[in-house]
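J.: here is my input, please return the structure:
(2 chains)
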Amino acid sequence: MKSRAVKNAGYLLALAPQIILVLGVYTGFAWLSVLFFFVFLPVVRKFVGNDLSVPNTAPSAFLAGYLRAVPRLYFVTWAIVLPWSIWILSVKPMTVAEYIGFALGLWIVNSLNTAIGHELIHSRSRFDRALGGILNASAGYFHFPEEHLSHHERTGHYHGGDAAVPGTSIYAYAAGRYFRYLRVAWEFETARLKRNKSIWLANRLLRRALVPILIGAAYCYFAGVTGLVIYLFQVVGASFSVQAITYLQHWGLSEKETPELRDFGFSWEDGCWMQACVTLNHAFHGQHHLTLARPYYELGTAKGGLLLPASYPVMFVLALFPQFFSGIMQARLEAWLKDFEDREMQEHSSDCIGTTMIAQALSRGQASLSAVVENSH
Amino acid sequence: MGSGIGMDKSSQQIDVMDVISDLSLCVSENEANNLTKKIVEMLGGQWFVYTTLLPPEFNAANDSFRFFIGCKAELCQIYNKRMWMMNDPFFEYARTNNYPTVGSKIKVQTAGQAEIMKVGAQHGFRSGLVVPTHTSMDANKRMGLLYIGSELPEEIGEPLLLKKRVQFGALGTELLLWWNNRLRQQAMRKYSLVDEEVELLQLSKKGMVAQEIAALFDIKIAVVYRKLNSIKEKFNVDRIEQAVVAADAAGLLG
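T.: Predicted coordinates:
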């Protein structure tokens, strides 16, 4: 898909998960969201293909206004869908299967909330950043803004970073990372309060934590224990989604292990057009890490970047089977590294950079110059 | 990736110093290399080579070497094949000077060096400007050498290049800062360090102990010990002094 105009219109697909959730309930098929994201989307990718459109680096004022409005519009629709979800649970009798389908559909929306919330917290506008904080908090992830500062500071780190060391299962990674970052976010905020000599009431984490508490109370009050259980599932599920997506985006990539990825933001990317629209280019993650201030509509496919074997929903399911997942990712990473080395040596075969690479390889103990050169080709 | 940095307007319309300051926005070596070439052309140069390294070793196996290249590939090939790096008169000048000078003013002391100058002139460096930059005059700190070339005859080209020495000097300084920052970030990632941990290492280097650090930051001494232990684990050492030495060698505490 090459058309930039179509892509710009396609960003409205970010609203699709909410719309599909509602449609699922009214058509009597509560599993519609799950079917759409885990079956329909991967299949449709075969026909729609990857995003080849040119990013909007210099949009007109009108277009920029529209593009900036998309995440805000998402927030507005969520402000309608959230109370609707409470209301529908309180008035509509459902079977157990329908409850499960509905909960999973809502989890997809809440997971996307964290992606759109991520876009908003990076905005230059204070208003947008506040919206982002609330959006994340509504999914129970109230410490996202503070956590995210630390995430950017630690990208490419081997120790205590977000680059899952190969062999770490998604379960160990998610549990470890969630609690570690909760502590880091708390320490960050308390240090800020101390620095500014502010009282504890000014603690932004505590303020934002009120959002999920109030939402949980509303679910419980209007939709009973079932409603509360479904919301608690959302909180746990969305938290797991944040860890899982971070796991996918940075698996095995650190300065220590894979310095070749430094110009690619130590990130795995994915070019799926549909996914790019729905998540507001969240999968063009390396570029985001390289230039934090760049809004979503300025991101695009990185030339020569490291690509995930499939889109997020597929990789999410694969990651649930750690050994299988590790095998696929390791093979993919090794192939990319080999290809990268070949490209580098070809590009610099006759200049000072290439000579230095060879000389440094020799000084590290390679057998001979000819062997290095031969290997490089 | 940001290929439009500093390149959207025509060179007549924009201030070259603004474009030089855009170097700090470049996120990859290719991007910075391309922008450097653009700036050199805006200032009237045709070719350039930029080298930065930690002296005093002038050989290709020196791990600290980094380059930006904007010259003919043949020149690079000849230069590397004959291993001229170890005999380069421009490095000699740059090591002990910080003022830009024209190529013809560089003292040629050996026949090999005369050959370097001659072949350089045949490949686009008939006129040249040498721009050394230093992090500090400490002989062990990172330095940079920007060499600008032009195919104009020496008597015409060199005064033109020298006239722009302030801008070229700014470019050299910015390139050194760019590389310093990049290498510092790399070292921090390599050892998984955050700013706070680098600060702790700097304080340790000054001889401050955990109790003093705790008092300085108004935190519990146990927290300082936890942070110092985390640093030792990252460097895989038993004592914080060893971590300080390693961090210093990586250029993090300079």
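J.: buried stuff in stretch A:331-340?
T.: A:332, A:333, A:336, A:340 (16 or more other C-beta atoms under 10 Å in any protein chain shown). From N, CA and C alone the C-beta is placed, and that goes for glycine too.
J.: ok now that stretch, how far from the chain's centre?
T.: 23 Å (C-alpha atoms, centre = their mean, to the nearest Å).
J.: flag the shaky bits of chain A, pLDDT-wise.
T.: Along chain A, the parts satisfying pLDDT under 70 run over A:349-377.
J.: do that again at 90, thanks
T.: A:1-2, A:46, A:57, A:159-162, A:165-167, A:195, A:291-293, A:301-303, A:341-377 (pLDDT under 90).
J.: excluding residues flanking it in the chain, which one is nearest residue A:89?
T.: In this structure, residue A:89 finds its nearest non-sequential neighbour in residue A:223, 3.7 Å apart by C-beta to C-beta, 6 or more residues apart in numbering or on different chains.
J.: which non-adjacent residue is nearest the residue in the stretch 201-350 of chain A positioned nearest to chain B?
T.: Chain B sits closest to residue A:255 of the stretch 201-350 of chain A, with a gap of 3.4 Å, by C-beta to the nearest C-beta. Spatial nearest neighbour of residue A:255, chain neighbours left out: residue B:189 (3.4 Å); criterion: C-beta to C-beta, 6+ apart.
J.: in three-state terms, label that neighbour for me.
T.: helix (DSSP: H, G, I helix; E, B strand; the rest coil).
J.: who are the neighbours in contact with it?
T.: By C-beta atoms under 8 Å, 6 or more residues apart in numbering or on different chains, residue B:189 lies in contact with A:155, A:156, A:157, A:254, A:255, A:256, A:262.
J.: out of those residues, which one sits closest to residue B:53?
T.: residue A:262 (19.5 Å; C-beta to C-beta).
J.: I'd say the closest one and residue A:254 touch.
T.: No - contact between residue A:262 and residue A:254 fails when scored by C-beta atoms under 8 Å: they sit 9.8 Å apart.
J.: isn't there a helix covering residue A:163?
T.: No - counting by three-state DSSP, residue A:163 falls outside a helix, being coil.
J.: mind saving the C-alpha coords of stretch B:166-175 as CSV?
T.: Output of stretch B:166-175 as CSV, limited to C-alpha atoms (Å, rounded to 0.1, in the frame of the first residue of the first chain):
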residue,chain,number,x,y,z
VAL,B,166,35.5,29.9,11.4
GLN,B,167,32.6,28.0,9.8
PHE,B,168,34.8,25.0,9.2
GLY,B,169,36.0,25.2,12.7
ALA,B,170,32.4,25.2,14.0
LEU,B,171,31.8,22.1,11.8
GLY,B,172,34.8,20.3,13.2
THR,B,173,33.8,21.2,16.8
GLU,B,174,30.2,20.0,16.1
LEU,B,175,31.4,16.8,14.6
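J.: now do the same contact list for the closest residue to residue B:109 other than its chain neighbours.
T.: Excluding the flanking residues, the one nearest residue B:109 by C-beta to C-beta, 6+ apart is residue B:89, at 7.1 Å. By C-beta under 8 Å, 6+ apart, residue B:89 lies in contact with B:106, B:107, B:108, B:109, B:113, B:116, B:117.
J.: how close does the fourth one get to residue B:87?
T.: Between residue B:109 and residue B:87 the distance is 9 Å, computed by C-beta to C-beta, to the nearest Å.
J.: have a look at those two and say which one is more surrounded.
T.: Neighbours per residue, other C-beta atoms under 10 Å in any protein chain shown: of residue B:109 and residue B:87, the larger number sits with residue B:87, 16 against 11.
J.: span of stretch A:242-262 from start to end?
T.: 23 Å (C-alpha to C-alpha, to the nearest Å).
J.: for the strand or helix carrying residue A:103, name the packing helices and strands.
T.: For residue A:103, the enclosing helix or strand under DSSP states H and E is helix A:96-121. Where contact means 3 or more C-beta pairs under 8 Å, 6 or more residues apart in numbering or on different chains; DSSP states H and E, helix A:96-121 is packed against helix A:16-26, helix A:32-35, helix A:61-91, helix A:126-138, helix A:144-154, helix A:204-250.
J.: give me that answer again for 10 Å
T.: Helix A:96-121 sits against helix A:16-26, helix A:32-35, helix A:61-91, helix A:126-138, helix A:144-154, helix A:204-250, helix A:273-278, helix A:312-319, with contacts defined as 3 or more C-beta pairs under 10 Å, 6 or more residues apart in numbering or on different chains; DSSP states H and E.
J.: pick the most buried one from those.
T.: The highest average neighbour count among the helices and strands packed on helix A:96-121, using mean count of other C-beta atoms under 10 Å in any protein chain shown, belongs to helix A:273-278 at a mean of 24.
J.: list the helices and strands whichever helix or strand comes after that one packs on?
T.: Sequence order places helix A:285-290 as the next helix or strand after helix A:273-278, per DSSP H and E. Counting by 3+ C-beta pairs under 10 Å, 6+ apart, the packing neighbours recorded for helix A:285-290 are helix A:144-154, helix A:204-250.
J.: angle of the first one against helix A:126-138?
T.: Same thing as helix A:144-154. 100 degrees (axes from the mean of the first three to the mean of the last three C-alpha atoms, to 10 degrees).
J.: distance to residue A:297 for the helices and strands packed on helix A:96-121 - can I get that in a markdown table?
T.: Output for the helices and strands packed on helix A:96-121, formatted as a markdown table (distance: least, C-beta to C-beta, whole Å):
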| stretch | distance to residue A:297 |
| --- | --- |
| helix A:16-26 | 18 |
| helix A:32-35 | 26 |
| helix A:61-91 | 4 |
| helix A:126-138 | 14 |
| helix A:144-154 | 20 |
| helix A:204-250 | 19 |
| helix A:273-278 | 11 |
| helix A:312-319 | 19 |
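J.: so for residue B:153, which of these sits nearest?
T.: helix A:61-91 (50.5 Å).
J.: give me the nearest residue to residue B:153, chain neighbours excluded.
T.: Using C-beta to C-beta, 6+ apart, the nearest residue to residue B:153 is residue B:126, at 6.1 Å.
J.: now do the phi/psi pair for the one you found.
T.: When read as degrees, to the nearest 10, the backbone of residue B:126 gives phi -70, psi -40.
J.: identify the contacts common to residue A:262 and residue A:254.
T.: Common neighbours of residue A:262 and residue A:254, counting by C-beta atoms under 10 Å, 6 or more residues apart in numbering or on different chains, are A:156, B:189.
J.: nice, that's everything, thank you.
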